[in-house]
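1. let's see this in three dimensions:
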Amino acid sequence: LAEFPREMIQFQEVGAARLEKIPITVETNLFRQQMLFRDSPLEFIDKLSQSLHRKFFFANQKIIKEGADSNEMYAIAQGRVIVEKRGMSVGELETGCAFGEMAVLG
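-> Next up is the predicted model:
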């Protein structure tokens, strides 16, 4: 994939556009499952869900670079994420998990 960066971006955009067509329901809303939002009113979760942007990532693709500034929170709808610190694997997150909440909370 690294040999075809333009094509990779185009494929990601197509994947994200297709994901956007699938509605987020109470049952599929990953934020309802997160401890951070567990006691939040359903209206709040719905409002939050309306501002979501779905993204598509390839296997072995970096989502966030360690130490980089970010203002995004991610929830894993399908697959898994390897968490690395200084190039070493320190954990794994799977479907239903979220990360980056500190970036959006400030």
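
2. any idea how far the longest helix seen in the chain is from the chain center?
-> Ranked by residue count and defined by DSSP state H, the top helix of the chain is helix 5-20. Chain-centre distance of helix 5-20: 15 Å, with C-alpha atoms, centre = their mean, to the nearest Å.

3. against which helices or strands is it packed?
-> Contacting helix 5-20 under the criterion 3 or more C-beta pairs under 8 Å, 6 or more residues apart in numbering; DSSP states H and E is no other helix or strand. Heads up, the C-betas are built off the backbone N, CA and C, glycines and all.

4. check which helices and strands the worst-scoring helix or strand of the chain on mean pLDDT sits against.
-> In the chain, no helix or strand scores lower on mean pLDDT, DSSP states H and E than helix 101-105, which sits at a mean of 76. Helices and strands in packing contact with helix 101-105 are not found; criterion 3+ C-beta pairs under 8 Å, 6+ apart.

5. spell out for me which residue occupies the centre of this protein.
-> Residue closest to the average C-alpha location in the chain (C-alpha atoms, centre = their mean): Y74, at 2.8 Å.

6. residues contacting the nearest residue to that one once chain neighbours are set aside?
-> Sequence neighbours aside, G100 is the residue nearest to Y74 in space, at 5.1 Å (criterion: C-beta to C-beta, 6 or more residues apart in numbering). Residues near G100 by C-beta atoms under 8 Å, 6 or more residues apart in numbering: 64, 70, 72-74.

7. hmm, who's touching the longest helix of the chain?
-> By C-beta under 8 Å, 6+ apart, the residues outside helix 5-20 that reach it are 1, 53-58.
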